[in-house]
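Trainee: Need coordinates for the following:
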Amino acid sequence: MRIDAHPLVVAAALGFLGPAALADDDFGDAEGQMAGVWTRMSTTANTAVAATAGARLEIIPVEDRLVVDAGSEGASMWERLDDDRAELRLEQDSAHIVRTLRIQSDNLIVNTRVCHDGTCVEFDERYDRTA
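Mentor: Residues are numbered from 1 along each chain as shown. I've put the predicted structure just below:
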């Protein structure tokens, strides 16, 4: 017998997550909600910068964090700052990268700041919710 279920439901059933992880109201009303699938509309990134967030993002709230799946770029766990903002900090090849997600109108904005050897580059990527 085969049963298809969302990974969060399976994790909750096995006791890895509490019931709060599955609550629909973790992020407030639908207007400010980050959860869902987003497709990149535009970016201000220089093509020489390889730190873009990805063409498509799936955001899954898990308690006080967000799982952001960028498809082939992989998934990462972001710290939720409030209902409309989240942040990811990482070190990669001696560069310090800080990404911030925020809701602006009906769009998701990913701001990326990359600092390496005293030089910083900052850019925004704009995403639209996928229907």
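
Trainee: show me where this protein has strands.
Mentor: Applying DSSP state E to the chain gives strands spanning 36-43, 56-62, 65-69, 75-82, 85-92, 95-104, 107-116, 119-129.

Trainee: Tabulate those in a markdown table, adding columns for mean pLDDT and mean neighbour count.
Mentor: All C-beta atoms are positioned from the backbone trio N, CA, C, and that covers glycine. Shown next, in a markdown table, are these (pLDDT from 0 to 100; neighbours: other Cβ atoms under 10 Å):
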| stretch | mean pLDDT | mean neighbour count |
| --- | --- | --- |
| strand 36-43 | 87 | 16 |
| strand 56-62 | 90 | 19 |
| strand 65-69 | 91 | 18 |
| strand 75-82 | 90 | 14 |
| strand 85-92 | 92 | 14 |
| strand 95-104 | 92 | 16 |
| strand 107-116 | 92 | 17 |
| strand 119-129 | 91 | 15 |
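
Trainee: What about the nearest residue to Ile103 once chain neighbours are set aside, how many residues nearby?
Mentor: Counting by Cβ to Cβ, 6 or more residues apart in numbering, Asp84 is the residue found nearest to Ile103 once chain neighbours are left out, at 4.3 Å. Asp84 has 17 neighbours, counted by other Cβ atoms under 10 Å.

Trainee: Distance-wise, check Asp84 relative to His96.
Mentor: To His96, Asp84 is 24 Å away according to Cβ to Cβ, to the nearest Å.
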